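In: Dropping the sequence and predicted coords here.
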Amino acid sequence: MKILTAQEAVALIPDGATVAATGFGMIQHPEHLTAALEDRFLQTGSPRDLTYVHSAGQGNAAGAGADHLAHEGLLKRDIGGHFRMSPRLGQMILDDRVEAYNWPQGAIALLYREIAAKRPGLLTHAGLGTFVDPRLQGGKMTPRTTEELVEVVRAAGREWLLYPAFPIHVGLIRMTAADPHGNCTHRREACIMEALALAMAAHNSGGMVIAQVAELLDEPLAPHEVDVPGLFVDVVVVAPPKHHWHSGDCEWNPAFLGRGRIAARAEGAGGYSAPGPDTCRDEAAAGMRPLPLDERKVIARRAAMELFDGATVNLGIGMPEGVASVAYEEGIFDRLHLTVESGTIGGVPAGGQSFGASTLPLALISHVDMFDFYSGGGLDLTFLGLAEFDRAGNVNVSRFGKIVAGCGGFIEISQNARKIVFCGTLTASGLQTEVTDAGLRIVQEGKLTKAREQIQQITFSAAEALRRETPVLYVTDRCVFELRPEGVTLTEIAPGVELEQDLLAQMEFAPMIASELRTMDARLFREAPMGQAVGGAGY
């Protein structure tokens with residue numbers, strides 16, 4: 001194990017290498033290394049023609065993370081799970097200046113283990129019937145991306161997708177500290193990503209592992225404290241505090257580790273300071289304050305009616321985050337098991353650039369292990385965003401217009417949860433509503449409908465959900481749809497909403513209308529908590 005500067009470390013990366021890095025947004029992303037890699041290329045023109053692999057989106061939408069590699073000549077190919085926080089990379093994809101594949105986030109994380117074990121790839125059902133399926137787009141994101149990588153394989157009497165193994169020449173991982181033997185711990189990281197699996201993949205590929213850490217320890221770690229053994233680590237680089245934040249918008253928050261107080265190491269990790277237990281509780285409570293009564297709260301409330309005691313739940317980013325606030329307001333939050341695909345269990349899922357972390361979690365498991373849990377059907381319920389959907393019930397959240405978002409964990413989560421609730425307004429761009437005791441009034445209609453005749457990509461396959469007999473709801477501000485074999489079916493309408501003018505006229509297709517069309521619960525539109533309306537529905 002060598003201790004080098006970031007500049008010395010990235011100088012070891014050869015042209016044409018396949019480089020993979022940890023990171024969820026900026027959580028556990030080796031920013032010091034990717035920034036140094038960009039600087040080296042801009043100064044010397046080397047290395048060139050890299051393939052960059054990342055399971056989750058990496059960046060802060062301001063030039064960090066994967067955007068450091070977004071230069072013609074430096075980057076030849078990107079294989080990633082999400083791109084929204086890397087706008088420069090997204091623009092390269094839009095401009096067809098890079099080969100790009102979008103694969104499910106969990107598939108990439110799990111693939112590292114297959115690479116390490118020299119197996120042919122990851123065999124999984126994740127992605128069947130979606131744009132990742134080679135019978136549709138094969139996950140290819142640009143016209144110049146022509147090589148078919150994902151295969152359909154038949155085994156054990158059914159179809160699977162095979163995501164192929166390939167050698168990892170350089171693994172960039174971020175850990176908290178390294179001891180004199182090169183053993184690394186992630187004890188102060190907000191999430192446990194796939195550092196161990198990635199390090200083993202690079203090591204067994206005959207490649208190199210570079211570990212970014214916040215500090216070097218004088219004494220060896222206890223064996224059970226070692227998360228990545230020094231056996232797999234070739235180079236250690238100590239990063240300054242500015243390149244080792246807890247998340248994209250949080251320099252240091254011990255509440256992300258589930259602790260009310262952590263003794264700060266004044267000499268290490270840039271002299272992190274630790275707020276006291278009252279501060280941490282305040283931060284948790286801040287995320288749980290009652291939402292203002294608007295269309296977003298109506299959606300969150302109606303979605304939350306699907307919760308039940310003891311449910312294991314995943315909340316997507318954006319509008320689904322409101323479900324946690326409603327559960328807290330209704331007094332059932334502590335009866336749920338909230339999880340995030342990054343590996344957090346319990347606590348309050350963070351939003352914004354801290355998405356992936358949770359305030360005061362009960363447990364942290366690795367990103368890889370969480371997707372094993374999800375893939376096997378461990379989720380009772382998931383609440384996900386609704387960017388656009390079609391008459392068959394397919395949903396697109398990965399690419400629309402000039403936005404290259406990527407699927408992230410959406411595919412695995414939506415294909416494996418026992419019940420799916422999509423959440424979003426029916427129209428967007430300028431929508432204004434008024435919520436009163438009488439129901440919902442559309443003050444100004446949105447310019448764009450989310451109910452499309454044809455969507456750009458299939459991120460969620462309705463056909464797969466019907467095959468698995470998975471209940472699916474589409475909860476909007478003014479109505480609720482249900483996925484049925486005959487297609488998207490209107491089952492509930494908000495009081496105050498006109499069926500023809502406010503609903504059907506705002507859709508590009510005519511949905512089926514249930515014979516038992518109901519009015520949405522009046523308590524959704526009132527200031528007071530709903531009480532028994534939440535927590536009893538089940539599935």
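Out: The structure has been received and is ready for your questions. This one's a predicted model, so the numbers in the text were calculated from it and none came from an experiment.

In: Tell me the spacing between Ala428 and Asn102.
Out: For Ala428, the distance to Asn102 (Cβ to Cβ, to the nearest Å) stands at 23 Å. For the C-beta atoms, the positions are set from N, CA and C on the backbone; glycine is no exception.

In: ok, longest helix in this structure?
Out: helix 31-44 (DSSP state H).

In: Which elements pack onto the helix or strand just after it?
Out: The helix or strand immediately downstream of helix 31-44 is strand 50-54, counting by DSSP states H and E. Helices and strands touching strand 50-54, by 3 or more Cβ pairs under 8 Å, 6 or more residues apart in numbering; DSSP states H and E, are strand 18-21, strand 75-80.

In: Strand 50-54 pairs with which strands, and in what direction?
Out: strand 18-21 (parallel), strand 75-80 (parallel) (DSSP bridges).

In: Tell me which of these sits most buried.
Out: Among the strands paired with strand 50-54, strand 18-21 has the highest mean neighbour count (mean count of other Cβ atoms under 10 Å), at a mean of 26.

In: Show me the domain layout of the chain.
Out: Under the assignment automatic domain parsing, the domains of the chain span 2-118+166-243, 254-285, 287-521.

In: between those domains, which one is nearest to Asp133?
Out: domain 287-521 (8.2 Å; Cβ to Cβ).

In: How far away from the center of its chain is the closest one?
Out: What separates the centre of domain 287-521 from the centre of its chain is 15 Å, taken as Cα atoms, centre = their mean, to the nearest Å.

In: how about the strands of the stretch 101-250 of the chain, start to end?
Out: Applying DSSP state E, counting those that start in this stretch to the stretch 101-250 of the chain gives strands spanning 121-124, 151-155, 158-164, 170-174, 177-178, 184-185, 208-213, 215-216, 235-238.

In: Tell me which of those strands sits most buried.
Out: strand 170-174 (a mean of 30).

In: Who are the packing partners of that strand?
Out: Short answer (3+ Cβ pairs under 8 Å, 6+ apart): strand 170-174 packs on strand 18-21, helix 31-44, helix 195-204, strand 208-213.

In: Out of these, which is closest to Gly352?
Out: When the helices and strands packed on strand 170-174 are compared by Cβ to Cβ, helix 31-44 sits nearest Gly352, at 17.5 Å.

In: show me where pLDDT drops low in the protein?
Out: The chain contains residues with pLDDT under 70 at 260-288, 532-539.

In: Let me see the ranges of the helices in the stretch 251-400 of the chain.
Out: Using DSSP state H, counting those that start in this stretch, the helices assigned to the stretch 251-400 of the chain run over residues 277-286, 295-304, 322-329, 367-375.

In: How about the stretch 401-539 of the chain?
Out: Under the criterion DSSP H, counting those that start in this stretch, the stretch 401-539 of the chain contains helices at 410-416, 462-467.

In: Any chance of those helices in a markdown table with distance to Val313 and mean neighbour count as columns?
Out: As requested, those are arranged in a markdown table below (distance: least, Cβ to Cβ, whole Å; neighbours: other Cβ atoms under 10 Å):
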| stretch | distance to Val313 | mean neighbour count |
| --- | --- | --- |
| helix 410-416 | 11 | 27 |
| helix 462-467 | 18 | 17 |
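
In: out of the helices and strands packed on strand 170-174, nearest to Gly347?
Out: Of all those, helix 195-204 sits nearest to Gly347, with 21.6 Å by Cβ to Cβ.

In: That closest one to strand 50-54, inter-axis angle?
Out: Angle, helix 195-204 to strand 50-54, by axes from the mean of the first three to the mean of the last three Cα atoms, to 10 degrees: 150 degrees.

In: got the buried residues for the longest helix of the chain?
Out: 31-38, 40-41 (16 or more other Cβ atoms under 10 Å).

In: From the residues you listed, pick the one nearest Ala117.
Out: Of the buried residues of helix 31-44, the one sitting nearest to Ala117 (Cβ to Cβ) turns out to be Leu33, at 25.7 Å.

In: Can you verify my assumption that that closest one contacts Met208?
Out: No: using Cβ atoms under 8 Å, Leu33 makes no contact with Met208, being 11.9 Å away.

In: Redo the domains of the chain as JSON lines? Include distance to Thr145.
Out: Formatted as JSON lines, the domains of the chain follow (distance: least, Cβ to Cβ, whole Å):
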{"stretch": "domain 2-118+166-243", "distance to Thr145": "5"}
{"stretch": "domain 254-285", "distance to Thr145": "36"}
{"stretch": "domain 287-521", "distance to Thr145": "13"}
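
In: Just name the most buried of the ones you listed.
Out: domain 2-118+166-243 (a mean of 22).
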